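Peer 1: sequence below, structure please.
(chains A, B, C and D)
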Protein chains: 2
Amino acid sequence: MKSTIRDVAKLANVSISTVSRVMNAPETVIEEKRVKVLEAIEALQYQPNAFARGLIYKKSDTLGVMIPDIENPYFAGLIRGMQDAAVELNHSLMICNTDRDKQRTITYVQNFFEKQVDGIVFASDALHTEYYEEMQRYRLPFVLASTNAPEFDIPSVDIDDEQGAYEAVKYLIESGHRRIGMIGFPLGETISGLPRYDGFRRALREYGLNTFETCVEYAEHRYEHAYDAAALLLTRCPGLTAIFAASDEFAMGTISYLRDIGKSVPEHLSVIGFDNIRMAQLFIPKLTTIEQPTYDIGYRSVQKLHELITTGEVSVLREKLPHQLIVRESTRPY
Amino acid sequence: MKSTIRDVAKLANVSISTVSRVMNAPETVIEEKRVKVLEAIEALQYQPNAFARGLIYKKSDTLGVMIPDIENPYFAGLIRGMQDAAVELNHSLMICNTDRDKQRTITYVQNFFEKQVDGIVFASDALHTEYYEEMQRYRLPFVLASTNAPEFDIPSVDIDDEQGAYEAVKYLIESGHRRIGMIGFPLGETISGLPRYDGFRRALREYGLNTFETCVEYAEHRYEHAYDAAALLLTRCPGLTAIFAASDEFAMGTISYLRDIGKSVPEHLSVIGFDNIRMAQLFIPKLTTIEQPTYDIGYRSVQKLHELITTGEVSVLREKLPHQLIVRESTRPY
DNA sequence: AATATGTTTGAAAACCTTTTCAGAAAACCT
DNA sequence: AGGTTTTCTGAAAAGGTTTTCAAACATATT
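Peer 2: Residues are numbered from 1 along each chain as shown, chains lettered A, B, ... in the order given. Modelled structure (predicted):
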């Protein structure tokens, strides 16, 4: 059915070696035969079989990507960056949605291994020891995107979460806010939980607002949880004038709650987000937030993985990309 | 480096045929050897090489997916559904972002072909004849997800756009609105452009509101365009009390514009969207919209592709999944 | 003319698996 | 015991490519 190198050889009246050479080292075959082969290839719509090739080269030019939750808009930019980098490197991406499910994640790793991916980008989730061991077991090169693993020496690309959070809260303080609370990720399980809280605290302490260190509630990844957390936060710390949300989604959930109890943003309270997902500028009010260079994180992480695969090492182990405060409408001076 | 079937055979003191049998037809090998082989497999972390396998089976258990714009949240649900179906079928997904770029799309098809995907899901974009021919050229099985191609006999999974639009507009009319406009997709290029406009028109005509057929402006996929289109629409048809937006993103862009000119939704105008993307319920006001079963569309499309690949045909060619009106806060009776 | 050098080519091995085929061993029958 | 069937096994071929090696030929050098 599909034409093979043999068919091309026959049609062009040469050996299969010659056909192979035309494709891989054209300068070594005499012009006359070369054009005959090229014509035959065109005529038969010949495309070399990636299986046979892979068998020889021992690589697939395919990279595996593990994403915890593809419905989270944060990952769209990440994937886009990865995709573009992959295209430039002539590679393909195999993308998996782990749902933060351990069993599923491990199954995917095995699957990737069997499909002979050249490496894996592990995005955004905390790297549990199990995962680490699984990767080690199969000796698969991998890098972390938008997360990192202080305890292991694994290449990673992300931002400085602590500093980002610090700048967000500092901005609020310098706008005159004094009573500031936070909606954060759970400290333990998640990778940006602790550093963002640390940044929050550092800013508070710097301005002597230590009392508000305890005005924190935690939510797990989704809007609805942030909505509930905001309710808890405001009953516990009723006098707040500003809230630092550890993600834009949390900011939206918080604002939604505030609206439901009749407080509008930024008139009654200021809310600052984190990430600058695309929705941040579509939301009403447009979100003041810390921008993460998601596209670049994705792009760089694939480049880094490629570097790791081809050279066996990586020039910078933990790469931090710049973030940026973006002031929009959800905050105002107090 | 990686262990092969040969290593396992050696360690277990059997022939490679036996090892292969242990993996593919365990009942044909005597227990004693079977356990020895199993132990050897475990000890060596052996995983069969997908290249060698593919060479024999002539299939990769991998499906290609083409998405026009991964940053559009509409696709998140779609991908999730596809992913879940793929997992159940023990397949992997290779996902590509075409950016609606013709050249890039065609390159991807070639790439998929070379990587020996078993088939392709082509999502949501209009199927240009070029694409169709490219697929035919490589004889790749493919199905359309969330789009269709009336002119070709290609399996597809989507909803009844015309009917969905009709129901949206009918709902507005039955809530007392009479002066209704629309923000639509361009009629020509895009697949849901015309049917959604047709549905809009059918509802108007049914209630004798034909004069408003011309109160339509077009935007191209993104929020900002809808914002501008809303401006145009309202200057041209100033008296509108309700707007049917052909997507939730358009609805959000429209509402954003309305707010900027001091009109609030739903107090001054009602706006109804389409798709029910996740943001629809997070937006303020929460969007009234026509829900598309995106997850199911993705899920079914992969199942259908698998059916096409394995049996060579498909039981229902054009599958229409049910949509549903979801009333939230962006509309109110007039 | 004979030798050395360089260019171009095809045959064959290698990559790793599955599967066919035939042979060996075991089990069954008379 | 001898013959027949069944069960289990290993050798070898096949799948499509790249690459090594040696052969064939042409060209340059003496």
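
Peer 1: pull the CA atoms of stretch A:179-194 into PDB?
Peer 2: These are the backbone C-alpha positions of stretch A:179-194, laid out as PDB (Å, rounded to 0.1, in the frame of the first residue of the first chain):
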ATOM      1  CA  ARG A 179      -5.000  45.600  55.800                       C
ATOM      2  CA  ILE A 180      -4.100  43.000  53.200                       C
ATOM      3  CA  GLY A 181      -5.200  39.300  53.100                       C
ATOM      4  CA  MET A 182      -4.300  36.500  50.800                       C
ATOM      5  CA  ILE A 183      -5.900  33.600  49.000                       C
ATOM      6  CA  GLY A 184      -3.200  31.100  48.400                       C
ATOM      7  CA  PHE A 185      -2.400  27.600  47.200                       C
ATOM      8  CA  PRO A 186      -2.100  25.000  49.900                       C
ATOM      9  CA  LEU A 187       1.400  25.300  51.300                       C
ATOM     10  CA  GLY A 188       2.400  21.600  51.200                       C
ATOM     11  CA  GLU A 189       1.300  19.900  48.000                       C
ATOM     12  CA  THR A 190       1.800  22.600  45.500                       C
ATOM     13  CA  ILE A 191       5.000  24.100  44.200                       C
ATOM     14  CA  SER A 192       4.100  27.700  44.200                       C
ATOM     15  CA  GLY A 193       2.200  27.600  47.500                       C
ATOM     16  CA  LEU A 194       5.000  28.300  49.900                       C
END
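
Peer 1: which of the residues in it are buried?
Peer 2: Buried residues in stretch A:179-194, counting neighbours by 16 or more other Cβ atoms under 10 Å in any protein chain shown, are found at A:Arg179, A:Ile180, A:Gly181, A:Met182, A:Ile183, A:Gly184, A:Phe185, A:Thr190, A:Ile191, A:Ser192, A:Gly193, A:Leu194. Placement of C-beta: from N, CA and C, glycine included.

Peer 1: stretch A:212-232 now?
Peer 2: Of the residues in stretch A:212-232, those buried by neighbour count under the rule 16+ other Cβ under 10 Å are A:212, A:215-219, A:221-223, A:225-227, A:229-231.

Peer 1: cool, and stretch A:21-29?
Peer 2: Under 16+ other Cβ under 10 Å, the buried positions of stretch A:21-29 are A:Arg21, A:Val22, A:Val29.

Peer 1: filter those down to the ones in strands?
Peer 2: Mapping the buried residues of stretch A:21-29 onto strands (DSSP state E) picks out no residues; all lie outside.

Peer 1: show me where chain A has strands.
Peer 2: With DSSP E as the definition, chain A shows strands at residue ranges A:62-67, A:92-97, A:119-123, A:142-145, A:156-159, A:180-184, A:216-218, A:242-245, A:270-275, A:288-291, A:318-321, A:324-326.

Peer 1: any idea which of the ones you listed gets closest to B:Ile284?
Peer 2: Among the strands of chain A, strand A:270-275 comes nearest to B:Ile284, with 12.4 Å by Cβ to Cβ.

Peer 1: I'd like the average pLDDT over the closest one.
Peer 2: Here strand A:270-275 scores 96 as its mean pLDDT.

Peer 1: partner strands of it, with direction?
Peer 2: On the basis of DSSP bridges, the sheet neighbours of strand A:270-275 come out as strand A:242-245 (parallel), strand A:288-291 (parallel).

Peer 1: tilt between that strand and strand A:180-184?
Peer 2: Orientation check (axes from the mean of the first three to the mean of the last three Cα atoms, to 10 degrees): strand A:270-275 against strand A:180-184 gives 30 degrees.

Peer 1: now strand A:270-275, how far from the chain's geometric center?
Peer 2: In terms of Cα atoms, centre = their mean, to the nearest Å, the centre of strand A:270-275 is set 20 Å apart from its chain centre.

Peer 1: could you do stretch A:311-320 as well?
Peer 2: Its chain's C-alpha centre lies 17 Å from the corresponding centre of stretch A:311-320 when counted by Cα atoms, centre = their mean.

Peer 1: what would the strands of chain A look like in JSON lines with distance to B:His306?
Peer 2: Putting the strands of chain A into JSON lines (distance: least, Cβ to Cβ, whole Å) gives the following:
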{"stretch": "strand A:62-67", "distance to B:His306": "21"}
{"stretch": "strand A:92-97", "distance to B:His306": "17"}
{"stretch": "strand A:119-123", "distance to B:His306": "25"}
{"stretch": "strand A:142-145", "distance to B:His306": "29"}
{"stretch": "strand A:156-159", "distance to B:His306": "36"}
{"stretch": "strand A:180-184", "distance to B:His306": "43"}
{"stretch": "strand A:216-218", "distance to B:His306": "41"}
{"stretch": "strand A:242-245", "distance to B:His306": "42"}
{"stretch": "strand A:270-275", "distance to B:His306": "36"}
{"stretch": "strand A:288-291", "distance to B:His306": "41"}
{"stretch": "strand A:318-321", "distance to B:His306": "40"}
{"stretch": "strand A:324-326", "distance to B:His306": "44"}
